[in-house]
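J.: Generate a structure from the sequence data that follows.
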Amino acid sequence: MNKILRLIVTIVTLHTTYTTADAQIIVNGHNPSKFNRGNSGPANSFSISYGYVIWVDGNNVPLPGYSAPEASYHFENFDTGENNNGCYAFNAGYERRIAEYLSLKLSFITAKLVNGIILRPDLNSYDKSRISQLGLYGRYSLSKNSKKRMQLQWLAGPELIYVKKDVLIDDYVLDENSTPQQYHQNITIMEGAAVTGIGLSYRISNHISTFTDVLAGISLPGKGFKFTNSGCGLKVNW
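T.: Model (predicted):
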């Protein structure tokens, strides 16, 4: 047992020394590190895409009432799906390669959010909700040959979600004995999310490529669901 432990410690020590050691001889003013020898192309990129976001609000509390003119569509204890929210949005991102097969991507969207409330047939509603999202993803290349035009990546990381639920509901009542009035849902929500997924890119030239990223996970602390699809995007590399 002690021999196995010593062997493991020796291997870890040698691996750490190999990956962290710098060359003692400087050639032409540059340190020929392992990362430089494994050059995978441009180190920076800016991207823009148009896709969609789905956010299932795990903390959503359904509205118990309805719009009086739509009373015939109202059913007690019926799952209306109003915790399902989504949007189509432009996504802007900046990516920096930090190792031969690993890069970090920062992405941002802000867009009009389709609040799940407006999907209820028993409500006459006007939606002005919005969502903003900031994501930081680690992107690991699963394609070890960087010369191939088609590349497959694995992505994972956190997202910060800021939502403004802003919905006006006309003739809102709690029951048939209530007086119809306008109801304003005005809620601000900030949540985090942990997502992972797959990315696919195709290099058109040394500086231009197309890509698509698909990520899914959970939103916290509401224990909801989070899905982000970049759609078909364009990336400029340098």
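J.: neighbouring contacts of stretch 93-109?
T.: The contact list for stretch 93-109, computed with Cβ atoms under 8 Å, 6 or more residues apart in numbering, reads 35, 38-40, 42-49, 53, 89-92, 131-141, 144, 155, 235. Placement of C-beta: from N, CA and C, glycine included.
J.: quick one: terminal-to-terminal distance for it?
T.: Distance between the boundary residues of stretch 93-109 (Cα to Cα, to the nearest Å) amounts to 9 Å.
J.: in it, what counts as buried?
T.: For stretch 93-109, burial by neighbour count (16 or more other Cβ atoms under 10 Å) applies to 93, 95, 97, 100, 103, 105, 107, 109.
J.: how distant is it from the center of its chain?
T.: Chain-centre distance of stretch 93-109: 13 Å, with Cα atoms, centre = their mean, to the nearest Å.
J.: State the mean pLDDT of it.
T.: Stretch 93-109 carries an average pLDDT of 96.
J.: With stretch 133-141 instead?
T.: Stretch 133-141 shows a mean pLDDT of 97.
J.: what's in contact with it?
T.: So stretch 133-141 is contacted by 40, 53, 95, 101-110, 151-162, 195, 199, 213, 215, 228 (Cβ under 8 Å, 6+ apart).
J.: Next, work out how far apart Leu134 and Val214 are.
T.: Look at Leu134 and Val214: by Cβ to Cβ, to the nearest Å, they are 18 Å apart.
J.: no wait, Val173
T.: 42 Å.
J.: And Trp238, by the same measure?
T.: For Trp238, the distance to Val214 equals 26 Å [Cβ to Cβ].
J.: which of those two has more neighbours?
T.: Neighbour totals were compared for Trp238 and Val214, and Val214 leads with 16 against 9 (other Cβ atoms under 10 Å).
J.: Need the nearest residue in space to Val163, chain neighbours excluded.
T.: Closest residue in space to Val163, ignoring its immediate chain neighbours: Ile189 at 4.4 Å, by Cβ to Cβ, 6 or more residues apart in numbering.
J.: so what does the strand or helix carrying that neighbour touch, helix or strand wise?
T.: Assigned by DSSP states H and E, Ile189 belongs to strand 181-203. Judged by 3 or more Cβ pairs under 8 Å, 6 or more residues apart in numbering; DSSP states H and E, strand 181-203 is in contact with strand 130-141, strand 150-173, strand 208-220, strand 224-229.
J.: If you count neighbours, what's buried in that strand?
T.: So for strand 181-203, counting by 16+ other Cβ under 10 Å, buried means 183, 185, 189, 191, 193, 195, 197, 199, 201, 203.
J.: of the residues you listed, closest to Val167?
T.: Checking the buried residues of strand 181-203 against Val167 by Cβ to Cβ gives Gln185 as the nearest, at 4.4 Å.
J.: That closest one and Ser125: what is the separation?
T.: To Ser125, Gln185 is 9 Å away according to Cβ to Cβ.
J.: Please apply the same query to Ser45.
T.: 41 Å.
J.: So between the two, which is more surrounded?
T.: Ser45 (21 against 18).
J.: How about the secondary structure of the more buried one?
T.: Of the three states, Ser45 takes strand under DSSP: H, G, I helix; E, B strand; the rest coil.
J.: Likewise for Ala71?
T.: Assigned by three-state DSSP, the conformation of Ala71 is helix.
J.: That one and Asn177 touch, don't they?
T.: No - with contact defined as Cβ atoms under 8 Å, Ala71 does not count as touching Asn177 (12.0 Å).
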